[in-house]
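*Asks:* After the sequence you'll find the predicted model.
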Amino acid sequence: MPRRTNHVQRIKKEHSVDEFIDALEADGCVLVEDFVSPEISRRVHTAEDQQPQEEFNETTVDVNALVRESFVSDRLFESISSHFLTLETLSWQDKQIQMDVSQPSVYSSITKSANQHSKPQCFHRADSRFHVRHIAAARYEYQPRRDASIGLFVPDFDDAQSSATIKVVPGSQLWNDQKPDFSKGVVEVELREGDALILLGSLYHSVSSSKLMMDVSNTASKRDTGFLHEVWMCSGIYRSA
């Protein structure tokens with residue numbers, strides 16, 4: 001039977017990389033507490049282009065260099081991405097053995113605005129664009145190309161102040177490619193500003209957002225909108241379709 005869990009593990013960023021890897025292997029996702037400081041979150045928000053463009057029925061803006069510097073180059077995210085996505089292959093050149101290494105690369109990085117209604121995503125696996133096939137398993141066993149991608153979601157608002165929603169199905173990274181059952185096991189992720197959700201491309205998930213509701217009596221919350229930053233890495237041998 002497919003494995004299901006009913007929660008998403010919350011781990012503080014200062015914990016060891018191995019703890020995050022264990023959580024990802026067990027549940028397919030993990031919530032990182034205090035992934036980015038409030039100061040950096042506000043800097044990124046201020047730097048965003050205030051004229052979002054419509055793309056795939058979702059209000060998005062281009063992710064700028066500050067987002068890449070703050071999130072993609074984060075040491076924890078780099079270490080996790082490297083663990084799951086780096087490929088090493090031995091080959092012979094004449095009588096010399098050679099190690100070829102393929103490092104993870106960014107294939108998608110967008111910032112979604114939470115100030116307008118957007119069409120909810122269907123539950124899906126992000127690695128479908130890489131034509132990955134999945135075999136049912138009782139537990140996660142790492143092997144090269146087991147996962148083709150890994151995602152990072154960072155909000156600059158609290159879930160309590162917004163109807164932006166990320167839903168995941170913990171344990172679904174172990175499912176095969178037969179028709180899934182989403183009648184149970186779905187978890188709505190509770191994110192605070194500065195937190196981050198990291199998930200494997202083989203995990204079923206969905207993202208949607210609607211009108212952001214801020215408490216304007218709070219000076220720190222006096223914004224017209226909030227942003228959800230989304231970054232996806234893939235193994236270096238792939239490219240986005």
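*Replies:* Thanks, I have the structure now. Residues are numbered from 1 along each chain as shown.
*Asks:* tell me the helices in this structure, going along the chain?
*Replies:* Listed in chain order, the helices of the chain (DSSP state H) span 17-27, 38-47, 65-67, 75-85.
*Asks:* out of the ones you listed, nearest to residue 176?
*Replies:* helix 17-27 (17.2 Å; CB to CB). C-beta: built from backbone N, CA, C; applies to glycine.
*Asks:* just to revisit the earlier point, can you add mean neighbour count and mean pLDDT and give the helices of the chain back as a markdown table?
*Replies:* Listed next are the helices of the chain as a markdown table, based on neighbours: other CB atoms under 10 Å; pLDDT from 0 to 100:
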| stretch | mean neighbour count | mean pLDDT |
| --- | --- | --- |
| helix 17-27 | 18 | 96 |
| helix 38-47 | 15 | 66 |
| helix 65-67 | 15 | 63 |
| helix 75-85 | 18 | 95 |
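*Asks:* Of the ones you listed, which is nearest residue 173?
*Replies:* When the helices of the chain are compared by CB to CB, helix 17-27 sits nearest residue 173, at 7.9 Å.
*Asks:* Show residues contacting that closest one.
*Replies:* Helix 17-27 is contacted by residues 5, 7-9, 11, 29-30, 32, 76, 79-80, 83-84, 139-140, 142, 170-171, 173, 198-200 when judged by CB atoms under 8 Å, 6 or more residues apart in numbering.
*Asks:* orientation of it relative to helix 75-85 in degrees?
*Replies:* 50 degrees (axes from the mean of the first three to the mean of the last three CA atoms, to 10 degrees).
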